[in-house]
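>>> Need a 3D model of the sequence below.
(chains A and B)
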Amino acid sequence: MGGLTRNKTLSIMALGAMIGLLLLPIVVSMPALAGGGGTPAAGGPPPDVAKKADTPEAAKVEKGRDVYYKTEGIVSGAPAPKTADNPQFYPRYNFESRVLLWFANQQHLYYGSFVLAVPIFCMIIEFMGIISKDKAMAKKYDQLAYDFIKISLTAYSLTAILGGILIFTFLTLYPAFFGYLSSIFRPVMHIYALLFVAESGTIYIYYYGWDRMKEGLLKWIHVSMSVVLNVIGTTLMFLANSWIGFMMSPAGVDEQGRYLGNIWHSIHTALWNPLNVHRLLGNMAFGGGVVAAYAAYRFLASKTDEERAHYDWMGYIAMAIGVAFLIPLPFAGYWLMREVYAYRQQMGITLMGGLLAWLFIIQATMIGILFLSANYYLWQAMGRMRGAEKYQRYIKYMVFVLVCGFLIFITPHTMVMTPTELKAMGGQQHPVLGNYGVMSAKNGGINVIITTTVLSFIWYARGNKVPMVSWARFGNIFMGCFFGMAYINIIWLAIYGYYIPANVRVGLSVPQVATTLSCLFFMTALNLVMLKGAKHSGAIEWGKISVRSQYALIMLATAFTWMMGLMGYIRSSVRLFWHVNEIMRDNSPWAYTHTTGFAANMISFNVLFFWLTILFVFFLATLGVKKAPVEAKVTVPGRVPEPATH
Amino acid sequence: MEIVTNPLFWLALLGLGVILLAFVALKKKALLNNVYVAVTISLLIAVAYFHIVDHYMMDMQGLDYWYLFRK
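All right, here's what the predicted structure looks like:
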């Protein structure tokens, strides 16, 4: 009893310490943040400015106008360096420095995304375990959350190592640019480092305290720690996003790049919020994909039915979480693009109608593959449920709808052709297919795909259940009519767009999105209500799923990884020959846009490298499991996977 | 036949659908699972709802959803 009280006290103290660590960097940085008209650093102005201030002629305060906010501020930083193509500004090996930086950055981002996403999964799953009334299921959820964090812990070390490599790469290959960026974001970088320390401490206590904090109040404290962990992780990501936001759409500086003393302006740039939302959703979808691939790998390597059942279940949960975040991702991407257009129309045109437009066709293909893989997995997963056969005959129609949406979504506006081909086709646009290469059709295509995925999820959820509510027939008819009308509305809006001017047409995507989201929220809610007290036509036979489904999960994860690499490249290369858009010019020999082929090869290399290293992480996780199987079976009843009934 | 471009009409239609649903569910429960009644009420609600979504989502952006029809 005394031991338990001591544990409780220690846990509360630990949690308090964690919260303190979380708040400490903010308190420490207060003078810098509060001193709006001050300097980027917590202390006085930079030495060069301070020296000048001593002289009488410099006593007059120089003011500058913010390039984005258009407000006046006291100049408190040096102008952005004007670089030249020489080793002083761009020290180099006998190799393209940009490619080295690209590699270091991408690998750090992959691992960073993974270790930010997985603790969020753990938080959700651990919480599900706590609130679950079924004790066996509660233990399964708890074990699953533990498995997730175990994978994440090794990846966490790799993230830190890769972060170090990235900083060294910046310092050694792009010292002028990195010096300028750190002169603006000095306090932010310090907060970032302190938060990283806080996150490390929290994650280790969270992981190693798992067994000691498994019951009662301690369990709640444990799950609260995961909240703290995720708040820190998300803040870290937001801070890092402020740097890339500044590079794309600078603010808080004048036209010469001189810092104007308001760090919030430099953080809160035009693209910061859309980037935050897009990256958060993207990380979650990516993390889900990687964990699902891990589960698929373990499923395929399983020797026993019990193992297969466990990893089948794990793969399903990870996939479901990943796809739940994938569904809103295109909308967040759309918001980001709208903001890019609003910030600089030319930047938007470069992205979607010019130099980088073909990369968006590749991106559309990847998004289509993601949704097709997720749907295919769900249809395969219905095979392990008795009663789901009733939906099998409709799958061919869903395939038809998905393929139509997919083909429209990936149709390019114009083709790269030889003069002979151009002549044979009668112009840059195909007379029929060319009509599908516009946003109006593409928005229709992707919304049809997403709505069909929602329908697949609803069918999966009711695969082995028969609704027993008295109004079940009405509910089914209502759901059918609602989905039917949603499809009609999406397609209608896509067609309508061809008949109205561009300035009105551009707004049609919003009702299309609202239609899809209506299906997602209302129909999922209706389905849940209808399935209350539903009759089970059979248990889900975990583990009895086709091997093909597991390859679909691996496909899903690979497509996520490739698409992340691609989108990162697109976002970064839209700055063209600028380090910081319109402020600091890139004068290195590599300030040009790579060919699509080179970029695709580089992305593939990054994907391959990531997967080879993450397989090593998976392998390490396997070693841990092999060491204590007997003990786990004895001390934790229910740890052995049991087929779930719901 | 011209389409009604006044959002109040579609709001009224949605209201009618919901009232019909409530009436059937509370007073004539046996009719609720009748296919014709269910399809009528469902279509009424769904059609009106999506018109309202289209109208207000465009209106929110300062755009006119009925642009073509008004012309």
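
>>> now the residue positioned nearest the centre of chain B, what's its secondary structure?
The residue lying closest to the centre of chain B (Cα atoms, centre = their mean) is B:Ala48, at 1.8 Å. Recorded secondary structure, B:Ala48: helix (DSSP: H, G, I helix; E, B strand; the rest coil).

>>> Distance check, it against chain A.
Counting by Cβ to the nearest Cβ, to the nearest Å, the separation of B:Ala48 from chain A is 10 Å. C-beta here means a position set from N, CA and C on the backbone, and glycine is covered the same way.

>>> Show the contacting residues for A:Ile317.
A:125, A:144 (Cβ atoms under 8 Å, 6 or more residues apart in numbering or on different chains).

>>> measure it to A:Phe331 for me?
24 Å (Cβ to Cβ, to the nearest Å).

>>> quick one: the residue lying closest to A:Ala332 once chain neighbours are set aside and A:Met352, what's the gap?
Spatial nearest neighbour of A:Ala332, chain neighbours left out: A:His278 (4.4 Å); criterion: Cβ to Cβ, 6 or more residues apart in numbering or on different chains. A:His278 is 15 Å from A:Met352, where distance means Cβ to Cβ.

>>> These two - which one has more neighbours?
A:His278 (24 against 18; other Cβ atoms under 10 Å in any protein chain shown).

>>> I figured the more buried one hits A:Tyr334, correct?
No - applying Cβ atoms under 8 Å, one finds A:His278 not in contact with A:Tyr334, separated by 9.6 Å.

>>> Please point out which parts of the top helix by length along chain A sit buried.
Scanning chain A for the helix with the most residues, using DSSP state H, yields helix A:135-173. By 16 or more other Cβ atoms under 10 Å in any protein chain shown, the buried positions in helix A:135-173 come out as A:137-156, A:158-160, A:162-163, A:165-166, A:169-170, A:173.

>>> Show the contacting residues for B:Trp66.
B:3, B:5, B:55.

>>> no no, A:Ile167
A:Ile167 touches nothing, counting by Cβ under 8 Å, 6+ apart.

>>> Check it and give its pLDDT.
As summarised for this prediction, A:Ile167 has a pLDDT of 94.

>>> just A:Ser132 next, same as before
88.

>>> Tell me the spacing between it and A:Ala138.
Distance from A:Ser132 to A:Ala138, by Cβ to Cβ: 4 Å.

>>> what do you get for A:Ala342?
48 Å.

>>> any weak-confidence spans in chain B?
Confidence mapping of chain B against pLDDT under 70 gives the ranges B:1.

>>> Contact residues of it facing chain A?
Chain B comes close to chain A at residues B:25, B:29, B:32-33, B:35, B:38-39, B:41-43, B:45-47, B:49-50, B:53-54, B:57-58, B:60-61, B:63-65, B:67-68, as judged by Cβ under 8 Å from any Cβ of the partner chain.

>>> Mind giving me the ChimeraX select for the residues you listed, buried ones only?
Per 16+ other Cβ under 10 Å, the buried members of the residues of chain B next to chain A correspond to this ChimeraX selection:
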select /B:32,33,38,41,42,43,45,46,47,49,50,53,54,57,58,61,63,64,65,67
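
>>> mind listing the strands for chain A?
In chain A, the strands defined using DSSP state E lie at A:63-65, A:72-74, A:465-466, A:535-536, A:578-580, A:584-585.

>>> so who does B:His51 touch?
B:7, B:10, B:13.

>>> Please tell me how far the residue nearest to A:Ala332 sits from A:Tyr259.
On the measure of Cβ to Cβ, A:His278 and A:Tyr259 end up 27 Å apart.
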